[in-house]
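Colleague: Provided below for reference: sequence and predicted model.
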Amino acid sequence: MAEATVQVLEGRVVLASGGAAWSGWCGDLITMPPGRNSLEAVEDAVILLTVAKLIAPARSPEPIALGRPAADWAVDGAAPETIVLDARTIPHAIRRAAIFGALDAVAPGFALDVI
């Protein structure tokens, strides 16, 4: 089994599979359905095709959380810190994914400031 995504870095594309079609604009991430697909560049486009071939059944990874674990607060009594993510330093092509990844990783009770 393989999973594939198309990230549109520039331009516009249309992904077609069976009777369905999806438009992708600059910055969009499209998950490709299984089976035979076609991709058409509606205008000059740059894409990133990522294919992950799963060899063994996927295991749930251990969750990660940005910030200090709650157990550390009880030891020294320090309040949780605000985490700062300066998105200006992240390349545009991966900026959106990095911001949403950081949001998903923030532990409850922590703050995330995005610049």
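Modeller: Now that the structure is in, tell me what you want to look at. Numbering: from 1, shown residues only.
Colleague: for the chain, longest helix please?
Modeller: helix 92-105 (DSSP state H).
Colleague: Roughly how far does the residue nearest the centre of the chain sit from residue 8?
Modeller: Closest to where the C-alpha atoms of the chain average out (C-alpha atoms, centre = their mean) is residue 97, at 3.7 Å. As judged by C-beta to C-beta, to the nearest Å, residue 97 and residue 8 stand 13 Å apart. C-beta: built from backbone N, CA, C; applies to glycine.
Colleague: Could you pull out the residues contacting both of these two?
Modeller: By C-beta atoms under 8 Å, 6 or more residues apart in numbering, residue 97 and residue 8 have these common neighbours: residue 29.
Colleague: For the closest residue in space to residue 97 that isn't next to it in sequence, name its beta-bridge partners.
Modeller: Excluding its sequence neighbours, the residue lying closest to residue 97 (C-beta to C-beta, 6 or more residues apart in numbering) is residue 29, at 7.3 Å. Beta bridges link residue 29 to residue 7, judged by DSSP bridges.
Colleague: who's in contact with residue 37?
Modeller: 15, 16, 17.
Colleague: Adjacent strands (with direction) for whichever strand or helix holds the first one?
Modeller: Residue 15 belongs to strand 12-17 when elements are defined using DSSP states H and E. Each strand that strand 12-17 pairs with, and the sense of that pairing, follows from DSSP bridges: strand 20-25 (antiparallel), strand 38-41 (antiparallel).
Colleague: Which one, of the ones you listed, ends up nearest to residue 113?
Modeller: Of all the strands paired with strand 12-17, it is strand 20-25 that lies closest to residue 113, at 28.2 Å by C-beta to C-beta.
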